[in-house]
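# Give me the fold of what follows.
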Amino acid sequence: MIRHLWRWHPKVALRYLPIIRKIKQLGLIKGSILEIGSGSLGITPYLGRSVVGLDIDFSGPQIEFLTKIKGSAINIPFKDRSFDIVLMVDVLEHLEPNKRKKAIIEAIRVARKLLVISFPSGKKALEEDNFLSNYYKKIYGGPFPFYQEHLQYGFPQVKQVNDTITNEIKLSERKVNIEVEGNINLGMHRFLMKGWITKNIFIDIIFRKLFLLLIPIFLFFNKEPTYRKIFYIKFK
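Model (predicted):
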């Protein structure tokens, strides 16, 4: 993993490292992994091992650990319970609301032991995205591409996601334990996103590289109110 630190960014590391910690706690670190909506990197730089990535676009920085499969989150091209671990990290908010339920159902279908679903949620998180979108526009003169679908579709609600999961589990007659935790303190999220957006090359280097040394501190202060929620669905 250490040799892939050059692919790390503190903001993204804080998204994935708690998930990796949970996978290790559950003794599943050697299990097969599918990441839905992985893009060109996903969890691989932080995990340092092979992952199957499912996405419609893999443009961007590349890494050898990722096996790229083109496909849709609402029609996953794998059989039932194909992977020990299925990840769907920051995907739901990029889908039209009427497609989110189907994406969750598909993720449950292909997961054997653990499903992780994370997404930004809540009024304060959406306010942050509005603020950062305007901040980006002031600097670059146009909309922040990554946030366009966030603002257009709105964020998934925790209750709706939980209801979809529990209802589908009942229908499938599988038994699970579900845990939910917050991820990335809102103030920390704004601070790191401003560093992500900057045009200043020196500030960019500080945020992207030097701040990697501060990740343990960032994780320590990763407390409510948070930008994102993570669902851990452990199948019995």
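# Could you pull up the contacting residues of the residue sitting nearest the centre point of the chain?
What sits nearest the mean C-alpha location of the chain, by Cα atoms, centre = their mean, is residue 89, with 2.5 Å. Going by Cβ atoms under 8 Å, 6 or more residues apart in numbering, residue 89 touches 15, 16, 19, 35, 37, 42, 43, 116, 117, 118. Glycine gets a C-beta too; all of them are placed from N, C-alpha and C.
# swap the cut-off to 6 Å and go again
Counting by Cβ atoms under 6 Å, 6 or more residues apart in numbering, residue 89 touches residue 118.
# Can you list phi and psi of it for me?
Dihedral pair for residue 89: phi -100, psi 120, per degrees, to the nearest 10.
# Can you name the next helix or strand after the host helix or strand of residue 127?
Per DSSP states H and E, residue 127 falls inside helix 123-140. Next helix or strand after helix 123-140 toward the C-terminus (DSSP H and E): helix 148-153.
# What helices and strands are in contact with whatever helix or strand comes next after that following helix?
Once helix 148-153 ends, the next helix or strand along the chain (criterion: DSSP H and E) is helix 158-172. The criterion is 3 or more Cβ pairs under 6 Å, 6 or more residues apart in numbering; DSSP states H and E, and the helices and strands that helix 158-172 contacts are helix 97-110.
# okay, the angle between the helix or strand following the helix it packs on and helix 97-110?
Per DSSP H and E, the first helix or strand lying C-terminal to helix 97-110 is strand 111-120. Counting by axes from the mean of the first three to the mean of the last three Cα atoms, to 10 degrees, strand 111-120 lies at 150 degrees to helix 97-110.
# Could you number the chain from 47 rather than 1 from now on?
Done: numbering now begins at 47, and the last item shifts to strand 157-166.
# Can you name every helix or strand that strand 157-166 contacts?
Helices and strands touching strand 157-166, by 3+ Cβ pairs under 6 Å, 6+ apart, are strand 129-135, strand 272-281.
# same thing but 7 Å
Counting contacts by 3 or more Cβ pairs under 7 Å, 6 or more residues apart in numbering; DSSP states H and E, strand 157-166 packs against strand 129-135, helix 143-156, strand 272-281.
# any idea which of the ones you listed is most buried?
Comparing the helices and strands packed on strand 157-166 by mean neighbour count (mean count of other Cβ atoms under 10 Å), strand 129-135 comes out on top with a mean of 24.
# Taking strand 157-166 as reference, get the angle to the helix holding residue 173.
Angle, helix 169-186 to strand 157-166, by the same axes, to 10 degrees: 60 degrees.
# what comes up buried for helix 169-186?
Within helix 169-186, the residues that count as buried by 16 or more other Cβ atoms under 10 Å are 171, 172, 174, 175, 178, 179, 182.
# any idea how far residue 120 is from the fourth one?
Distance from residue 175 to residue 120, counting by Cβ to Cβ, to the nearest Å: 23 Å.
# Which other helices and strands does the helix or strand where residue 115 lies contact?
Element membership for residue 115, per DSSP H and E: strand 112-116. Where contact means 3+ Cβ pairs under 7 Å, 6+ apart, strand 112-116 is packed against strand 97-101.
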